[in-house]
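Asker: using only what follows, build the 3D model:
(2 chains)
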Amino acid sequence: MRNGGENRGRLLLVILIVSSLFLITLDLRGVNVLDGLRSGTQTVLSPFQRAGNVVLTPVKNFVNDITNLGRTRNQIEDLRKQNQKLREQLISRKNQDGEIEQLKSILDLAGTARFKIVSTKVIAQGSSLAFTRTITIDAGSGNGIKKNMTVISGEGLVGVVKEVFANSAIVMLATDPAFKVGVRVAGSQQIGILAGLGSNTANLQLLDNQTTIKVGDILLARGSVNSQPFVPGVPIGRVTSVSNAAGAVTQSAIVKYFANFGSLGVVSVVVRAPKADPRDVLTPVKPVPTPIPTVTVFVTPSPSASPSGN
Amino acid sequence: MLLRRFGFTGTIFTFFFIAQEAAVSQLNFPAGGFSIFLILTLLWAALSTPEVAAAVGFGAGILLDLSPSTSGPLGHWTLILLLMSYAIAFFSYGDENMRGNPLSLILLVSLAQVIVLFSYLVTGFLLGNSVTSFAQSAITIAGSGLWTLVVTPLMLPAVAWLHDLAFDSRLRI
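Answerer: From the prediction side, this is the model:
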């Protein structure tokens, strides 16, 4: 009897293992039904994630307050909003400046370098235990969002739309190890491939062995065919260290992203690419140190003073 | 009876899955955080017979595979959790020193959590998934193990009570 039970148990285990392997095989062969299952799960989870986001905001703020060591969340949030607004104004102004320059030189090439964007709220973050870096946003196909659209924040590139549902979408962050984007260096126009490393830094591999890169260089998105998945000219990050390995064919470098992925609250999806490549007009301005004025003090000796003190 | 047991178990797992996706994942804990769903699955397996553990691991794996944030193919988590749940139950079933001692259960589940994540990472690599850097993976796996050590004692009484309710096993932990 006991033997029979053990055999049944083993049979069950074998059946379940075979079923798992069957599912893996089906998925790897790209059976559409399985994609539909995940899409259905997201549709079911989406309202819970929204509710969780609302309910947990005070807890998240508390955790962030502890992380930020004393700085209150409200102040940071206000400053972030102001900062985002100013950056957006700066980007808009730079687009206009670019247009004026083009008009001045009577080339009349590209039109405006404005993105048409849909601003969305981040409603969930993917579990980092899955070894991926994703966020869920509260806009989907109903808002004009499509797969492979560029996602930006006030600081620069955030990622790319990976999956789209009716009222939500999943964005693969630029920090994801699978993320790759073609970049060019602002100014010198050297090109390379930037790959996510799972943290706030990324690895840059230059494509041309005749070119060099230096610390402080700013990277912009090179843009894709039909501007999908990447629109051109979006600021990405700044080079923080350069590797000059003796055996390497081309130079590589570590790049720190402009976007702060730890505190993404609002992001924008570029739903229409600019008509012309904005080139470097979106390059963030390097902070200029305020000159310290030299203070000159003139001392005039008093006429009434006498050495004897009388 | 069987339907009632698995229906009840399914409801509990679905609830924990939604709680994990809608709440715990959002809190952005340092070093990868923890998964109450994985802890529930491993604890449930440790308290069950190997056959039940395998079935529960299979169901839990399917749920995790359906999570939109999962990058691997459907069936990946299923295979890992099925094997790990069966292994845990196989080693602990019939050993009252293991099942009756909370400390042993906590250590077993924490160790299993580390092995599960490591196996998921390695098999994911073999299946062609992109993997993050070694240091980042090591931090996530080790951090998750430590978080599990902290969270499991808090969940153990509730999970044991729910398990008793589902299977009427009257375990004394």
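
Asker: after the helix or strand containing B:Ala45, which helix or strand is next?
Answerer: B:Ala45 belongs to helix B:36-46 when assigned by DSSP states H and E. Tracing the chain C-terminally past helix B:36-46 and defining elements by DSSP H and E, one meets helix B:50-66 next.

Asker: quick one: least confident helix or strand in chain A?
Answerer: helix A:73-104 (a mean of 71; mean pLDDT, DSSP states H and E).

Asker: can you pull the contacts of the residue nearest the centre of chain B?
Answerer: For chain B, B:Leu38 is the residue whose C-alpha lies nearest the centre (Cα atoms, centre = their mean; 2.7 Å). Shown in contact with B:Leu38 (Cβ atoms under 8 Å, 6 or more residues apart in numbering or on different chains): A:Leu129, B:Leu64, B:Leu81, B:Gln113, B:Val116, B:Thr148. Yep, even glycine has a C-beta here, placed from its N, CA and C like the rest.

Asker: out of those residues, who has the most neighbours?
Answerer: Neighbour counts for those were taken using other Cβ atoms under 10 Å in any protein chain shown; the highest belongs to B:Leu81, with 31 neighbours.

Asker: Three-state assignment for that residue, please.
Answerer: Using DSSP: H, G, I helix; E, B strand; the rest coil, the structure places B:Leu81 in helix.

Asker: tell me where chain A has strands.
Answerer: A:116-125, A:134-137, A:150-152, A:157-164, A:169-173, A:180-185, A:191-196, A:201-206, A:218-221, A:235-243, A:252-257, A:266-272 (DSSP state E).

Asker: is it possible to export the ones you listed to a markdown table including distance to chain B?
Answerer: Converted to a markdown table, the strands of chain A look like this (distance: least, Cβ to the nearest Cβ, whole Å):
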| stretch | distance to chain B |
| --- | --- |
| strand A:116-125 | 6 |
| strand A:134-137 | 5 |
| strand A:150-152 | 16 |
| strand A:157-164 | 7 |
| strand A:169-173 | 6 |
| strand A:180-185 | 10 |
| strand A:191-196 | 8 |
| strand A:201-206 | 10 |
| strand A:218-221 | 20 |
| strand A:235-243 | 15 |
| strand A:252-257 | 12 |
| strand A:266-272 | 16 |
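
Asker: make TSV out of those and add mean neighbour count and distance to A:Asp27.
Answerer: Output for these, formatted as TSV (neighbours: other Cβ atoms under 10 Å in any protein chain shown; distance: least, Cβ to Cβ, whole Å):
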stretch	mean neighbour count	distance to A:Asp27
strand A:116-125	18	23
strand A:134-137	26	18
strand A:150-152	27	26
strand A:157-164	24	15
strand A:169-173	25	17
strand A:180-185	21	22
strand A:191-196	21	23
strand A:201-206	21	28
strand A:218-221	26	31
strand A:235-243	18	32
strand A:252-257	20	31
strand A:266-272	19	27
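
Asker: and the contacts of B:Leu38, which two are furthest apart?
Answerer: Spatially, the most separated pair among those is B:Leu64 and B:Thr148, at 15.7 Å (Cβ to Cβ).

Asker: on that earlier part again, got the strands of chain A as JSON lines, with distance to B:Ser25 and mean pLDDT columns?
Answerer: Shown next, in JSON lines, are the strands of chain A (distance: least, Cβ to Cβ, whole Å; pLDDT from 0 to 100):
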{"stretch": "strand A:116-125", "distance to B:Ser25": "6", "mean pLDDT": "81"}
{"stretch": "strand A:134-137", "distance to B:Ser25": "10", "mean pLDDT": "90"}
{"stretch": "strand A:150-152", "distance to B:Ser25": "19", "mean pLDDT": "88"}
{"stretch": "strand A:157-164", "distance to B:Ser25": "16", "mean pLDDT": "91"}
{"stretch": "strand A:169-173", "distance to B:Ser25": "13", "mean pLDDT": "92"}
{"stretch": "strand A:180-185", "distance to B:Ser25": "25", "mean pLDDT": "91"}
{"stretch": "strand A:191-196", "distance to B:Ser25": "20", "mean pLDDT": "91"}
{"stretch": "strand A:201-206", "distance to B:Ser25": "23", "mean pLDDT": "90"}
{"stretch": "strand A:218-221", "distance to B:Ser25": "29", "mean pLDDT": "90"}
{"stretch": "strand A:235-243", "distance to B:Ser25": "26", "mean pLDDT": "90"}
{"stretch": "strand A:252-257", "distance to B:Ser25": "22", "mean pLDDT": "91"}
{"stretch": "strand A:266-272", "distance to B:Ser25": "18", "mean pLDDT": "83"}
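
Asker: which one of these lies closest to B:Phe15?
Answerer: Here strand A:116-125 is closest among these (Cβ to Cβ), at 17.6 Å.

Asker: which strands and helices sit next to the closest one?
Answerer: In terms of contacts (3 or more Cβ pairs under 8 Å, 6 or more residues apart in numbering or on different chains; DSSP states H and E), strand A:116-125 is packed against helix A:32-67, strand A:134-137, strand A:266-272.

Asker: which one of these is the most hemmed in?
Answerer: Burial of these is given as mean neighbour count (mean count of other Cβ atoms under 10 Å in any protein chain shown); strand A:134-137 ranks first at a mean of 26.

Asker: list the contacts of that one.
Answerer: Outside strand A:134-137, the residues within contact range by Cβ under 8 Å, 6+ apart are A:42, A:46, A:49, A:120-126, A:145, A:151, A:159, A:162, A:168-173, A:176, A:264, A:267, A:269, B:68-69.
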